[in-house]
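J.: Generate a structure from the sequence data that follows.
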Amino acid sequence: MKTLKTLTTAALFTLTLACGGSGGESGETASSDLPERFYAAEAPAGAVDVGVAHAELQDGESAVVRGVVGGSTRPFVEGLAAFTIVDPALESCVGDGMGCETPWDYCCVDPETMVKQSATIELTDGGKLLTASPRGFHGLDHLVTVVVEGTAKRDAQGNLTIVASGMHPLP
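T.: Below is the predicted model:
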């Protein structure tokens, strides 16, 4: 439980720093050693966008959520099988004319909006967060839309985490 709290705090801290610093992840080709059991050959039916999920899902509820990988300069949590997604309706910094090195950070979006329009995705085994990176898993990368199926978790601040049982990156 302490790891989850630390991860959530780290994710929110990263969201608040979304506009700063170097990308570190841009231009890298990734491959994942995440277990194949997390791959859904087809997108799970009944997906709701992250903003709706954030507003409506209760702790412990089953969830099918659609979002775009991003929300910070480093949406993939280093050393853990976790990443953040944002609502597909939000506009990234792609093509904003500013030459942004990390357009997946959504730095043009108000930080309070980002918190309400984002979720952390965790991949676990027996309740323990895996250490394999999900980046590169069947094409999962920055600004890729993904449909995730799992269970909603809420922390004391109301932040949304989906503990994934499966996911399908969209082409």
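
J.: Tell me which residue is most central in the chain.
T.: The chain has T84 as the residue nearest its centroid, 2.0 Å off, counting by Cα atoms, centre = their mean.

J.: so it touches G70, yeah?
T.: Yes. Shown here, T84 and G70 form a contact pair, counting by Cβ atoms under 8 Å, at 7.0 Å. The way it works is simple: take the backbone N, C-alpha and C, and place the C-beta from them, glycine included.

J.: T145 contacts G70, doesn't it?
T.: No. The pair formed by T145 and G70 falls short of the contact definition of Cβ under 8 Å, at 10.2 Å.

J.: higher neighbour count, the two?
T.: The neighbour count for T145 versus G70, taken as other Cβ atoms under 10 Å, is higher for G70 (26 against 16).

J.: Show the contacting residues for the more buried one.
T.: Residues near G70 by Cβ atoms under 8 Å, 6 or more residues apart in numbering: T84, I85, V86, S92, W104, D105, Y106, H142, L143.

J.: The third one - how many residues pack around it?
T.: Translated: V86. Using other Cβ under 10 Å, V86 is surrounded by 28 other residues.

J.: any idea how far Q117 is from it?
T.: In this structure, V86 and Q117 are 6 Å apart, going by Cβ to Cβ, to the nearest Å.

J.: Now for the two: what residues contact both?
T.: With contacts defined as Cβ under 8 Å, 6+ apart, the residues adjacent to both V86 and Q117 are V50.

J.: tell me the phi and psi of T124?
T.: In this entry, T124 is assigned phi and psi values of phi -120, psi 170 (degrees, to the nearest 10).
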